[in-house]
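Chemist: Next input, structure requested:
(one chain, ligands or ions: 1)
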Amino acid sequence: MLGMGGSGDSGGGAVLLVAVALAAVAATWLWAALARLVWRPYAVARAFARQGVRGPPYRLYFGNSRESNSMRAATSGLTLDRSSHDFIPRVMPQHRAWTSLYGKVFLLWNGTSPALCVGSYDMVKRILSDKAGLYGKPDPPPSILALMGMGLVFTEGDDWARHRRVVNPAFAMDKLKLMTGAMAACAGEVIRSWESRAAAATTGEVTVEVGHQFTELTADVISHTAFGSSYKQGKEVFLAQRELQFIAFTSLNTNRFVPGAQYAPTKSNLRRWRLERKVRDTLVSIIDERMAAAKEEGSGGYGRDLLGLMLEANAGEDGNRAMSMDEIIDECKTFFFAGHDTTSHLLTWAMFLLGTHPEWQQRLREEVLRECGGADTPITPDALTKLKLVTMVLYETLRLYGAVTLVARMTKKADAELCGVKVPKGTLLLIPIAMLHRDEEMWGPDAGEFNPLRFRDGVGRAAAQPSALLAFSVGPRSCIGQDFAMLEAKATMALILRRFAFEVAPEYVHAPADFLTLQPMQGLPIVLKLLDP
Ligand code: HEM
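Modeler: Next comes the predicted model:
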């Protein structure tokens, strides 16, 4: 009896213990949720209210589905207006709010926290060139962090400087020039497939959805230039990353509102974990192979691709590695994520602008034929540096339709001040690049129009301020891959212009949509006509 009673007591005690533990977990979870969703936003908003800075308007944005619905409504009546590219107030709801208060700081509600929108260029420069550590990167959502890891985009302080020292040499112009061959070879393959489709058509014309094609192309380019001979494994990493990207974006809002949701064994989390393992295992095997090969005599070192150059810089002269294996893996993931969609959209929007401005298309074609030679002449990096008009058009594309429409920062210290307003620690700062790129005070009265000639004296003289073009951001955290992207875009445009005349297909709907990057919501169909078939 005694024995039985004892076991009953200990059973009851265990149940009680589990119940208390569960209650503690639930209370912690609730506390974290309240702090994140209620208390912190309230504290930040109150600190602003005390200084007289209020929304209007506090606007509620609950993510892509709501925005895309309103975007669909806003774009349904849009017609393509060739002379004006001032689409933003019409199709991007959050930018509509910014327009009304443009030039000042103002608060908006960013789903989970108040965000201070910064519309003055002087403040933008102060934030982006900050060296005192006042303005850092906001904490990345867990799903995006899982996708890119703690690579250059998210690291801070000394860690960021250490990473940047290792990665910088891979993006030096002399190294990038050696990659032009791989870029042109990948683009050449796509263009040959268009040629054969156009040649097979009686009209010599073919309609191609170029957005999709450029996504594939830029993925191929980054796989080749980052992983050289391990390209096939690199492509596998890319495909897994692409699925991870899809999972990350679809769960962005759930994970943001429900603390700890990323750890629950849901179907999508299980798939995500499997893909993350695959990405990691494949990258470890590529890196191990490369390190082993570099030790062999006469192997020529780590290789001339982005990974090889990064490993070489990492080894250092004293043999002490600056970055760990995990950090190198995170940088490889970052190359894929940061360097692929962005460049694809640059090419897509350049095709759109040249397809709607045939006189510019013809000027560029003449320049390409003059500097790069006819369709059978290989594209060289030196010829690409002579393409002044092509460069001007690409800059104008980045100004009007830059892939990154918004850069975010967060105040990391208590004493940040903007426009005489004390900004509490933990405040999200939004820099609306797309709005600033249309500022008439900065760019002149034709700010809303396509006018590549504004860049004729160089990017630093195109506007009232030398660093007004924010497409790659400015300051120490500006894009490390900007020369890479420009070379790739120039090589691809040169190859297309030599082989095809093109125009935007009549079925195109002008609906630029900001799904993390700015893209034509319904793709970009282009009619390509083979030149000298
Ligand atoms: C047209 C193409 C591109 C555009 C418009 C673009 C735009 C940007 C912008 C605006 C930033 C700053 C983000 C911020 O401060 O929050 C950035 C950073 C970065 N980009 Fe790009 N990018 C492009 C291509 C590339 C390519 C090709 C690569 C690499 C292969 C790349 C790698 C990076 C990295 C690693 C950073 C973080 C730099 C740091 O914080 O040190 N980007 N990019």
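Chemist: Pairing partners for residue 209 in the sheet, please.
Modeler: Applying DSSP bridges to residue 209 yields these beta-bridge partners: residue 525.
Chemist: so what's it up against?
Modeler: Applying Cβ atoms under 8 Å, 6 or more residues apart in numbering to residue 209 gives the contacts 523-526. For every residue, glycine as well, the C-beta is placed using N, CA and C.
Chemist: Between those, which sits nearest the ligand?
Modeler: residue 524 (15.8 Å; Cβ to the nearest ligand atom).
Chemist: Which parts of this protein are strands?
Modeler: 105-109, 114-118, 135-136, 205-209, 407-411, 416-418, 421-423, 428-431, 500-504, 512-515, 517-520, 525-530 (DSSP state E).
Chemist: ok, residues contacting the last one?
Modeler: If you take Cβ under 8 Å, 6+ apart as the criterion, strand 525-530 is touched by 194-195, 198-199, 203-210, 351, 355, 499-505, 507-508.
Chemist: and the two most separated of the contacts of residue 209?
Modeler: Maximum pairwise distance among the contacts of residue 209 (Cβ to Cβ): 9.8 Å, between 523 and 526.
Chemist: Ok, which of the strands of the chain comes nearest the ligand?
Modeler: strand 407-411 (4.6 Å).
Chemist: Next one: the closest residue to the ligand within the stretch 1-150 of the chain relative to residue 416, how far apart?
Modeler: The stretch 1-150 of the chain approaches the ligand most closely through residue 137 (6.4 Å), counting by Cβ to the nearest ligand atom. Residue 137 sits 14 Å away from residue 416 when distances are taken as Cβ to Cβ, to the nearest Å.
Chemist: Compare those two (neighbour count), which wins?
Modeler: residue 416 (23 against 16; other Cβ atoms under 10 Å).
Chemist: who touches the more buried one in this structure?
Modeler: 134-135, 422-423, 425, 427.
Chemist: can we see that at 6 Å?
Modeler: By Cβ atoms under 6 Å, 6 or more residues apart in numbering, the contact list for residue 416 reads 134, 423.
Chemist: Identify the bridge partners of it.
Modeler: Assigned bridge partners for residue 416, using DSSP bridges, are residue 423.
Chemist: Model confidence score at it, please.
Modeler: Note for residue 416: predicted pLDDT of 81.
Chemist: can you count the residues close to residue 204?
Modeler: Residue 204 has 15 nearby residues by other Cβ under 10 Å.
Chemist: Actually, residue 261.
Modeler: 16.
Chemist: nearest spatial neighbour of the residue of the stretch 1-150 of the chain closest to the ligand, skipping sequence neighbours?
Modeler: residue 154 (5.9 Å; Cβ to Cβ, 6 or more residues apart in numbering).
Chemist: Can you tell me how far the one you found is from residue 410?
Modeler: Using Cβ to Cβ, residue 154 is found at 12 Å from residue 410.
Chemist: Next: residue 464.
Modeler: In terms of Cβ to Cβ, residue 464 sits 29 Å off from residue 410.
Chemist: out of these two, which sits in the busier spot?
Modeler: residue 410 (19 against 11).
Chemist: show me the contacts for the residue nearest to the more buried one when sequence neighbours are not counted.
Modeler: Once flanking residues are discounted, residue 410 sits nearest to residue 138: 4.1 Å by Cβ to Cβ, 6+ apart. Contacts of residue 138 were listed using Cβ under 6 Å, 6+ apart, and they are 408, 410, 428.
Chemist: What's the separation between residue 346 and residue 434?
Modeler: 14 Å.
Chemist: and the single nearest residue of the chain relative to the ligand, how many residues sit next to it?
Modeler: The ligand sits closest to residue 481 of the chain, with a gap of 2.2 Å, by Cβ to the nearest ligand atom. A count of neighbours around residue 481, defined by other Cβ under 10 Å, yields 23.
Chemist: residues contacting it?
Modeler: Contacts of residue 481 by Cβ under 6 Å, 6+ apart are residue 339.
Chemist: again with the one 10 residues further on
Modeler: Going by Cβ under 6 Å, 6+ apart, residue 491 touches 180, 183-184, 187, 379.
Chemist: Just the buried subset of those residues, please.
Modeler: Among these, the ones that count as buried by 16 or more other Cβ atoms under 10 Å are 180, 183-184, 187, 379.
Chemist: and these as a markdown table, adding distance to residue 440 and pLDDT?
Modeler: Formatted as a markdown table, the buried ones among the contacts of residue 491 follow (distance: Cβ to Cβ, whole Å; pLDDT from 0 to 100):
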| residue | distance to residue 440 | pLDDT |
| --- | --- | --- |
| 180 | 37 | 96 |
| 183 | 36 | 97 |
| 184 | 39 | 97 |
| 187 | 36 | 97 |
| 379 | 38 | 95 |
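Chemist: Could you find the closest non-adjacent residue to the spatially most central residue of the chain?
Modeler: Centroid-nearest residue in the chain, with Cα atoms, centre = their mean: residue 338, separated by 4.8 Å. Among residues not flanking residue 338 along the chain, residue 153 sits closest, at 6.0 Å (Cβ to Cβ, 6+ apart).
Chemist: And that neighbour, what's its pLDDT?
Modeler: For residue 153, pLDDT reads 94.
Chemist: So which residues on the chain come close to the ligand?
Modeler: 152-153, 164, 334-335, 338-339, 342-343, 346, 402-404, 407, 471-473, 477, 479-481, 484-485 (Cβ under 6 Å from any ligand atom).
Chemist: from the residues you listed, which ones fall inside helices?
Modeler: 164, 334-335, 338, 342-343, 346, 484-485 (DSSP state H).
Chemist: May I ask which two of these are separated the most?
Modeler: Farthest pair in those, by Cβ to Cβ: 164 and 346, 23.0 Å.
Chemist: which of these two has more neighbours?
Modeler: Taking neighbours as other Cβ under 10 Å, residue 164 and residue 346 compare with residue 346 leading, 25 against 14.
Chemist: any idea how far residue 248 is from residue 191?
Modeler: 32 Å.
Chemist: Which one's more surrounded, those two?
Modeler: residue 248 (24 against 21).
Chemist: Could you count how many residues lie near the closest residue to the more buried one other than its chain neighbours?
Modeler: Nearest residue to residue 248, sequence neighbours excluded (Cβ to Cβ, 6+ apart): residue 143, at 3.8 Å. Number of residues near residue 143 (other Cβ under 10 Å) recorded here: 24.
Chemist: before we move on, what about residue 174?
Modeler: Around residue 174 there are 8 other residues, counting by other Cβ under 10 Å.
Chemist: Ok, residue 324 next?
Modeler: The number of residues near residue 324, taken as other Cβ under 10 Å, comes to 10.
Chemist: for residue 300, same thing?
Modeler: If we define neighbours as other Cβ under 10 Å, then residue 300 has 10 of them.
Chemist: Residue 496 now?
Modeler: When neighbours are counted by other Cβ under 10 Å, residue 496 comes out with 26.
Chemist: And it, how far from residue 377?
Modeler: Residue 496 sits at a distance of 15 Å from residue 377 (criterion: Cβ to Cβ).
Chemist: Excluding sequence neighbours, find me the nearest residue to residue 477.
Modeler: residue 128 (7.0 Å).
Chemist: That neighbour contacts residue 474, doesn't it?
Modeler: Yes - at 5.3 Å, residue 128 counts as touching residue 474 under the criterion of Cβ atoms under 6 Å.
Chemist: so what's residue 503 bridging to?
Modeler: Going by DSSP bridges, residue 503 forms beta bridges with residue 527.
Chemist: Distance of it relative to residue 35?
Modeler: 55 Å.
Chemist: What of residue 163?
Modeler: 31 Å.
Chemist: So these two - more neighbours on which side?
Modeler: More crowded of residue 163 and residue 35, by other Cβ under 10 Å: residue 163, with 24 against 13.
Chemist: what's near enough to touch that one?
Modeler: 152, 155.
Chemist: how about residue 354, what does it touch?
Modeler: Residue 354 touches 360-361, counting by Cβ under 6 Å, 6+ apart.
Chemist: what about it, distance to residue 212?
Modeler: Noted for residue 354: a distance of 18 Å to residue 212, by Cβ to Cβ.
Chemist: Alright, I will stop here.
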